[in-house]
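Student: Whatever this is, show me its structure:
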Amino acid sequence: MKLNLHRRLSQLSRAFPKEPNRPTLKTSVPGPVSKRILATLDKYQDPRAAFFVQDIDASCGNFIADADGNILLDMYCQIASISIGYNNPRLLEAAKSDKWAKALINRPALGICPPSDWVQTLEKSLLRVRPPGLTHCFTAMCGSCANEIAL
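Tutor: Predicted structure coming up:
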């Protein structure tokens, strides 16, 4: 068990070579920069649910950075949508491809007119990890959409 954990941590450190070793605080949270940005945002939308302003470029792996330079261990992961880590190098590289760009700008309505390679895409990805006995796959934009459709 201990060896497997060590191996897994080693794999993660290779996946995110620039990931911080630990959280670091330079200011209180929210700090003065986050407070200033949130005050300006208040002119355009309600920011009361915001805790701080994220610095996406400085966020890495399991750590989220804020506009004040604080580095925090992110247990929230953007409502679990960043479960594979911020600025994942493999995803950033994949996003440079023409296929990725076309998928983003030409997002199809999969239930009405899926792209010609959709079956192969499903077979190479989601269908490989489906639970035994399940024959169909449903994709949705988010967890809320999936729950609404399931109901």
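Student: all contacts plus neighbour counts: C-alpha atoms, from now on.
Tutor: Will do.
Student: low pLDDT regions in the protein?
Tutor: Low-confidence segments of the chain, defined by pLDDT under 70: 1-13.
Student: wait, residue 115 sits on residue 109?
Tutor: No. Counting by CA atoms under 8 Å, residue 115 does not reach residue 109; the two are 9.1 Å apart.
Student: So which of these two has more stuff around it?
Tutor: Ranked by neighbour count (other CA atoms under 10 Å), residue 115 and residue 109 place residue 115 first, with 13 against 9.
Student: domains of this protein?
Tutor: The chain breaks down by automatic domain parsing into domains covering 2-89, 108-150.
Student: Identify whichever of the ones you listed lies nearest to residue 99.
Tutor: When the domains of the chain are compared by CA to CA, domain 108-150 sits nearest residue 99, at 11.2 Å.
Student: Distance from the chain centre to the closest one, please.
Tutor: Relative to its parent chain, domain 108-150 has a centroid offset of 19 Å by CA atoms, centre = their mean, to the nearest Å.
Student: go on, stretch 37-56?
Tutor: With CA atoms, centre = their mean, you get 20 Å for stretch 37-56.
Student: Tell me which residues are up against that stretch.
Tutor: Under the contact criterion CA atoms under 8 Å, 6 or more residues apart in numbering, stretch 37-56 has outside partners 29-31, 34-35, 64-67, 86.
Student: cool, and stretch 75-86?
Tutor: 56, 59-64.
Student: Between the two ends of that stretch, how far is it?
Tutor: Counting by CA to CA, to the nearest Å, you get 12 Å between the two ends of stretch 75-86.
Student: which residue lies farthest from the center of the protein?
Tutor: For the chain, the residue at maximal distance from the C-alpha centroid (CA atoms, centre = their mean) is residue 133, at 28.9 Å.
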